[in-house]
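Asks: Got a sequence here, can you model it:
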Amino acid sequence: DADYRKFVGRLVRVVTKDAVRGLHVVVGRLASFDGATVVVTDEKMKKDRDYEIAMANIRETRLEIEF
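Replies: Numbers count the residues shown, from 1 in each chain. Sure, this is the predicted structure:
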C-alpha cells in the first residue's frame with residue numbers, strides 16, 4: 001500500500017488477472033489509490049481514460065521508465 005501511495009502521479013504498467021475493458025496490461029499514470037482500488041489514466045485515450053482496477057485483480061505493478 002505504501003508504494004502505491006508513494007508513486008501516485010508516476011507512469012506504471014499494471015498486469016491484471018482478469019481483463020479490464022478488454023486489456024490484461026494497462027499502461028498509464030497512477031492517478032489514485034484508496035486501499036482497495038487503483039486508478040490508472042491512459043493519457044493517449046481521447047475518452048474513457050481512467051481504468052479502475054481492484055487490488056484483488058492485480059497480478060503485478062511496475063514503474064515505467066520516463067524520458
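
Asks: Helices along the protein, start to end?
Replies: Remark: helices assigned in the chain by DSSP state H are 2-6.

Asks: which residues of it score low on pLDDT?
Replies: Across the chain, not a single residue meets the criterion (pLDDT under 70).

Asks: Give me the distance between the residue nearest to the spatial centre of the chain and residue 56.
Replies: Nearest residue to the geometric centre of the chain (CA atoms, centre = their mean): residue 40, 3.6 Å. Separation of residue 40 from residue 56 (CB to CB, to the nearest Å) stands at 16 Å. Every residue, glycine included, has its C-beta placed from N, CA and C.

Asks: hang on, residue 13 packs against residue 27?
Replies: Yes: counting by CB atoms under 8 Å, residue 27 is a contact partner of residue 13 at 4.9 Å.

Asks: Need the overlap of contacts for these two.
Replies: Residues touching both residue 13 and residue 27 (CB atoms under 8 Å, 6 or more residues apart in numbering) are residue 64.

Asks: thinking again about what came up before, touching, the residue nearest to the centre of the chain and residue 29? I think so.
Replies: Yes: the pair residue 40 / residue 29 is scored as a contact, 6.8 Å apart, by CB under 8 Å.

Asks: Report the set of residues contacting both of the two.
Replies: residue 12.

Asks: Contact partners for residue 62?
Replies: Applying CB under 8 Å, 6+ apart, the residues near residue 62 are 12, 13.

Asks: Repeat that for residue 13.
Replies: Taking CB under 8 Å, 6+ apart, one finds 25, 26, 27, 61, 62, 63, 64 in contact with residue 13.

Asks: What distance do you get for it to residue 65?
Replies: Distance, residue 13 to residue 65, using CB to CB: 10 Å.

Asks: Kindly report the same for residue 16.
Replies: 21 Å.

Asks: Residue 10 now?
Replies: From residue 10 to residue 65 the distance is 11 Å (CB to CB).
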